[in-house]
Structures are given as structure tokens and as C-alpha cells.
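> here you go, sequence then predicted model.
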Amino acid sequence: MVRKQAYRACGPERQSTLPMSLCSRYLGCSPENQKIYSRDGRLIYHRCLDCGIIWRDESSFDLELPYNEQYFNSKNYAINRDHKIEKSGWLLEIAGSYGSKINSVLEIGCSLGNTLEAASRMGLDHLGIDVSSFAVGFCKKNGLNASTETLEELLQQGRSFELIFMQHVLEHFKDPFYVLEQCNQLLPVGGLVMILIPNSNYSRAKRQRERHRFYKIKGVGVEHYAYFNYNNLSRVLESCGFKTIQTNYPLLVKEHDSFSFMFNRLARRLISIINLDQELVMVAQKAEIPVLK
Ligand SMILES: [Zn+2]
């Protein structure tokens, strides 16, 4: 999915903020309380020993990939489209199991539009944004609503959505707190954010460190800026005005359940018990009263 350069979405005053000082500011961590977690050449990740978030060292921020057609081809995003659309529909069903009915969805990092297609088939108003004009053009060609507008631009237009969906996207921002604060402003009270993101507790990545693709220059290490677990992601969300309402895949969904959907959820919950789950799944709700930092 897509993939944005955080600077694009962050205000100018945020551009000089070091990752380690972000959890210091938002979560009260000590900026000194960190340890090098992995090192692959110039690519270094640190682990904050207070919150456990694994932050990329800013000395490697110049190592980035352009989100062009070649990028999407290399990831095979267009392959197995029907299957991916079905799975995106499942995720939207999960989000729809909480609170009142969802009518509108914003996908940040819409990539080639699998989730937008699922939303469209479910009759939801949808908009996908992406920094990649290739991805946005691909979505538009398929009749989907997509744009290269930023979150700031959507806020300036007074846009609002009932669900904001981010599938393997938040880790591509240098300042995830700022992105979540903007999401909060784009939602009504009670509005939902659904996040899928790599799991820093995934056992193989934890064991292999810089030999694992999460932290390798030749893996996704140069695309990502932070890795979370359920506990610290929940704290991050809370610091940005959200309350976590679902951690991991739920056992039950409100509507449109099926054997394969249920089997998938159960299997994912089971593998998470022994940290074999590569991704976290979380649903959070915009809190009634802003959470004080
Ligand atoms: Zn921290």
C-alpha cells in the first residue's frame, strides 16, 4: 500500500522533530532512554526503552523510495485483486461492527484502490488519498474517488469522514502522532480509525533484527520510520484523542459473516498468541473529551 513521505503530510514546524523526541513529547518517555535495535549499514533503528516504539534514526532519512509505477509493480499490488478486495471488505465489516452505521470512509494511502473498491461495492461514500499520482490515476481509471490531496488540504476544505482507514501506511510517516491528530480532526466524535501496521513483536523480526526485511536496507527498512506493538500503539492513539475499542481481530462481527471470514479471524488470533502475527489490527474511536497530554 502506499506510502507517503511524512514531510508531505506534516506541518513545517514538525519537519525538524526527531523521532525519539516524539514519544518524549507525547508519551513522556526519556529521550536518553534508548538503545540501538538494529543496524544495516547506514540504516539504524533505535528502541525507546520506555514505550518500546522502534524508531528509525534520522541519519538515514535520505534513504527513500519514490512511490512511482515501478514501486507498485515491485510490490505486486495489482496481483490477486479480487482476493484483496474481499479482504478489504472484511476489514470494513469489522470497522462497521462498532457504533452507528458507517456511511463514509477516507483511506489514507489508498494505493491501487482495493479498499476503495470494497467500500464502493458496500455503497459507502469513499475517498482515497495517496502521494503517488500513479496510484491515484490507477484508482480513477477504475471509477474510484481518489486524490493526491493532503490531510491538511482536506481539513482546510472542512471535510469529515466517519471512518479513516490506514492499511500499512502509518509506519511510512515520520511523525505518526501528527497524522493521527489530523485524523482526529477529520472525524466526528465517535468516528473511527482502523489501523493495520507491522507488529514490532513479530517473533522472526525480533529475532533477526537487521537480517529481517523490517529493518533491512533491501527490505522495507528504508520505507518505514517506526514500529509499534499493541500496547504502545494504543498509547499513541490515546495521546492523539482516541480510545482503543478493538485490538486484534474480533471473534464476532455484526453482519455478513462467513466461514472463511471467521476462520481467517480465528487463525490470526491464534498465531498472535505466539507472536507469529506480522501485523497489528486496531480500531479506535475519537474520544468524547480530548485526552490531555
Ligand atoms: Zn518512547
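Everything's here; your move.
> separation between Asn73 and the ion?
Asn73 sits 36 Å away from the ion when distances are taken as Cβ to the ion, to the nearest Å. All C-beta atoms are positioned from the backbone trio N, CA, C, and that covers glycine.
> please disregard the earlier target; I meant Ser200.
As judged by Cβ to the ion, Ser200 and the ion stand 12 Å apart.
> what's the answer for Leu49, then?
Distance of Leu49 to the ion, given as Cβ to the ion: 8 Å.
> just the strands from the stretch 151-293 of the chain, written as ranges.
163-167, 192-198, 226-227, 242-247, 279-286 (DSSP state E, counting those that start in this stretch).
> ok, residues contacting the longest one?
The reference is to strand 279-286. If you take Cβ atoms under 8 Å, 6 or more residues apart in numbering as the criterion, strand 279-286 is touched by 91, 94-95, 98-99, 168, 184, 187-199, 228-230, 233-234, 237, 241-249, 268.
> point out the most buried one among the strands of the stretch 151-293 of the chain.
The highest mean neighbour count among the strands of the stretch 151-293 of the chain, using mean count of other Cβ atoms under 10 Å, belongs to strand 226-227: a mean of 28.
> packing partners for that one?
strand 54-56 (3 or more Cβ pairs under 8 Å, 6 or more residues apart in numbering; DSSP states H and E).
> roughly how far is the strand it packs on from the heart of the chain?
Per Cα atoms, centre = their mean, to the nearest Å, the displacement of strand 54-56 from the mean C-alpha position of its chain is 15 Å.
> pairing partners for it, with directions?
Applying DSSP bridges, strand 54-56 is found paired with strand 43-48 (antiparallel), strand 226-227 (antiparallel).
> quick one on the thing from earlier: could the strands of the stretch 151-293 of the chain go into a markdown table alongside mean pLDDT and distance to Asp82?
Listed next are those as a markdown table, based on pLDDT from 0 to 100; distance: least, Cβ to Cβ, whole Å:
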| stretch | mean pLDDT | distance to Asp82 |
| --- | --- | --- |
| strand 163-167 | 97 | 17 |
| strand 192-198 | 98 | 19 |
| strand 226-227 | 98 | 30 |
| strand 242-247 | 96 | 26 |
| strand 279-286 | 96 | 21 |
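> and those: which comes nearest Ser111?
Of all the strands of the stretch 151-293 of the chain, it is strand 163-167 that lies closest to Ser111, at 8.1 Å by Cβ to Cβ.
> residues making contact with the closest one?
1, 88, 91-92, 95, 102, 104-109, 115, 183, 186-187, 191-197.
> could you rerun that using 7 Å?
Contacts to strand 163-167, defined as Cβ atoms under 7 Å, 6 or more residues apart in numbering, come from residues 1, 95, 102, 105-109, 115, 183, 186-187, 191-196.
> how about stretch 249-259?
Glu93, Ile94, Gly96, Ser97, Arg265, Arg268, Arg269, Val281.
> and the next element down the chain from the helix or strand hosting the second one?
Assigned by DSSP states H and E, Ile94 belongs to helix 81-95. Toward the C-terminus, helix 81-95 is succeeded by strand 104-108 as the next helix or strand (DSSP H and E).
> that following strand: partners in the sheet, and parallel or antiparallel?
Strand 104-108 has these partner strands in its sheet, going by DSSP bridges: strand 125-129 (parallel), strand 163-167 (parallel).
> in this protein, what spans have low per-residue confidence?
Within the chain, the segments meeting pLDDT under 70 span 1-19, 75, 77-78, 289-293.
> ok, what's across the strand from the closest residue to Leu187 other than its chain neighbours?
Nearest non-adjacent residue to Leu187, counting by Cβ to Cβ, 6 or more residues apart in numbering: Lys286, 4.6 Å away. Lys286 has the following beta-bridge partners by DSSP bridges: Phe242.
> kindly provide the distance from Lys286 to Gln185.
Between Lys286 and Gln185 the computed distance is 9 Å (Cβ to Cβ, to the nearest Å).
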